[in-house]
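1. requesting a structural model of the entry that follows:
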Amino acid sequence: MNRPPPLNFQTPGFAHYGLAWSPFHEGRLATASAANYGLVGNGRLHLTSVGPGPGGAPSLVLNKYDTQDALYDVAWSEIHENQLVTASGDGSIKLWDMMINDLPIRAWHEHSREAFSVDWSNLKKDVFISSSWDGTVKLWSPDRPRSITTLQAHTSCVYQALFSPHQPDVIATCSTDGTLKIFDLRAPAYAQGPANNSFTQPLSAAALTVPASGTEILSLDWNKYRPFTLASGGVDKIARIWDCRMVKLGAEAAQAPGVGGVCESQLVGHEWAVRKVQWCPHRPDLLATASYDMTCRVWATAPAPEASKLVYIHDPHTEFVVGCAWSLFEEGVLGTCSWDCKVNVFRM
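-> Predicted structure coming up:
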């Protein structure tokens, strides 16, 4: 079977860090980018409509926004089709409306170091979270001037924080300390009152801590069909599948936080660090991984390690591949972004 060549577009001078498909419009794609590979200089948010335009090129560049510092991640709003939020190297979180040129419609600056990830809840659609190199995760509402809650999730950089797609008050985090953590915001430890606020006393009790690696964990993702099944990837070049079904929630989480998690499978094949992992939204057994080895790989996973296998390699990028994202509307379609200033959209 002949596969069509990938669609790709370039953003000269801006290396990509993250990309996200719109939950409202098929083919609408946002990318978070940075000049000088994010080490110093400006950032840029690109909004593109990817489709079968003339010559197979993207059909339309919808808008682009420049920022004073690098952009490391982007997430679409789940309640407003034209809005999205970004995480920046100066620690700021910005909300954008693609119908408004130039400036964000709201900005927050509570993180003391680089803000590295953002995620909008698809269950509680009026909140989103951010994670930072300062070790915290913050819960936000687009209508509030300050964060709702602060979690002192780790003692070092939190590379990613994600809402569970199954439990609206549960989030997972990963860090330079080599652990995955699961937090339940309903636990009594997170109750806010006049003598306890999240700004002077950040919340810290995890419902479950998974010692996932002896090195940094750079990315994680929840399986969309199997509650408490997560994937992780990091500096040790291995993607792992975790069964965390023994996690305690609610009051139990505060009274007896646990350490555990069972590694179901290890996906070995990348030559350098695994920078991004993402489960397919259409099937429970497909996982995409992006790596500094300049490839994006797709794996068919299974609880039995020997049954997991590599099914696809995408390798036209010429620099680190730092992001990958499955299309929410079209099965088998993936987008990748890289430090080569290119975004590729292809079908497996």
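
2. how many residues are close by the spatially closest residue to residue 156 that is not a sequence neighbour?
-> In space, and not counting its chain neighbours, residue 156 is closest to residue 176: 4.4 Å by C-beta to C-beta, 6 or more residues apart in numbering. In this view, the C-beta of every residue, glycine as well, is placed from N, C-alpha and C. With neighbours defined by other C-beta atoms under 10 Å, the count for residue 176 comes to 19.

3. and residue 176, what does it touch?
-> By C-beta atoms under 8 Å, 6 or more residues apart in numbering, residue 176 lies in contact with 154, 156, 157, 159, 216, 217.

4. look up how far residue 118 lies from the third one.
-> From residue 157 over to residue 118 the distance is 15 Å, taken as C-beta to C-beta, to the nearest Å.

5. now the buried members of the contacts of residue 176.
-> The neighbour-count test (16 or more other C-beta atoms under 10 Å) applied to the contacts of residue 176 identifies 154, 157, 159, 216, 217 as buried.

6. what residues sit buried inside stretch 36-49?
-> In stretch 36-49, counting by 16+ other C-beta under 10 Å, buried: 37, 38, 42, 43, 44, 45, 46, 47, 48, 49.

7. residue 182 touches residue 171, doesn't it?
-> Yes. Counting by C-beta atoms under 8 Å, residue 171 is a contact partner of residue 182 at 7.4 Å.

8. still on that earlier bit, which pair of the buried ones among the contacts of residue 176 spans the longest distance?
-> 154 and 216 (11.0 Å; C-beta to C-beta).

9. any common contacting residues for the two?
-> 175, 176.

10. dump the buried residues of stretch 36-49 to TSV, plus secondary structure.
-> Formatted as TSV, the buried residues of stretch 36-49 follow (DSSP: H, G, I helix; E, B strand; the rest coil):
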residue	secondary structure
37	helix
38	helix
42	coil
43	strand
44	strand
45	strand
46	strand
47	strand
48	strand
49	strand
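
11. would you check that residue 303 makes contact with residue 284?
-> No. Residue 303 is not in contact with residue 284 according to C-beta under 8 Å; the separation is 11.2 Å.

12. rewinding a little: closest to residue 95 among the buried residues of stretch 36-49?
-> Looking across those and measuring by C-beta to C-beta, the closest to residue 95 is residue 45, at 11.3 Å.

13. where do the strands of the stretch 51-200 of the chain begin and end?
-> 60-67, 71-76, 83-88, 93-97, 106-108, 115-120, 128-132, 137-140, 149-151, 158-163, 170-175, 179-184 (DSSP state E, counting those that start in this stretch).

14. what pLDDT does residue 61 get?
-> We have a pLDDT of 75 for residue 61.

15. tell me the first helix or strand C-terminal of the worst-scoring helix or strand of the chain on mean pLDDT.
-> Ranking every helix and strand in the chain by mean pLDDT, DSSP states H and E puts helix 251-255 at the bottom, with a mean of 52. The first helix or strand that comes after helix 251-255 along the chain, using DSSP states H and E, is strand 258-259.

16. what strands line up against that following strand, and which way round?
-> Sheet pairing here is set by DSSP bridges, and for strand 258-259 it gives strand 208-211 (parallel).

17. hmm, who's touching the strand it pairs with?
-> For strand 208-211, the external contacting residues (C-beta under 8 Å, 6+ apart) are 178-182, 242, 244, 246-248, 257-261.

18. and the helix or strand following it, what does it pack against?
-> Proceeding N to C from strand 208-211, the next assigned helix or strand is strand 217-222, under DSSP H and E. With contacts taken as 3 or more C-beta pairs under 8 Å, 6 or more residues apart in numbering; DSSP states H and E, strand 217-222 sits against strand 158-163, strand 170-175, strand 179-184, strand 229-234, strand 274-279.

19. give me whichever of those strands is most buried.
-> strand 170-175 (a mean of 28; mean count of other C-beta atoms under 10 Å).

20. and the angle from it to strand 158-163?
-> 170 degrees (axes from the mean of the first three to the mean of the last three C-alpha atoms, to 10 degrees).

21. now do strand 170-175: distance to the chain's middle.
-> Relative to the centre of its chain, strand 170-175 is centred 11 Å away, using C-alpha atoms, centre = their mean, to the nearest Å.

22. just checking: what are the partner strands of it?
-> strand 158-163 (antiparallel), strand 179-184 (antiparallel).

23. I am finished for the moment; much appreciated.
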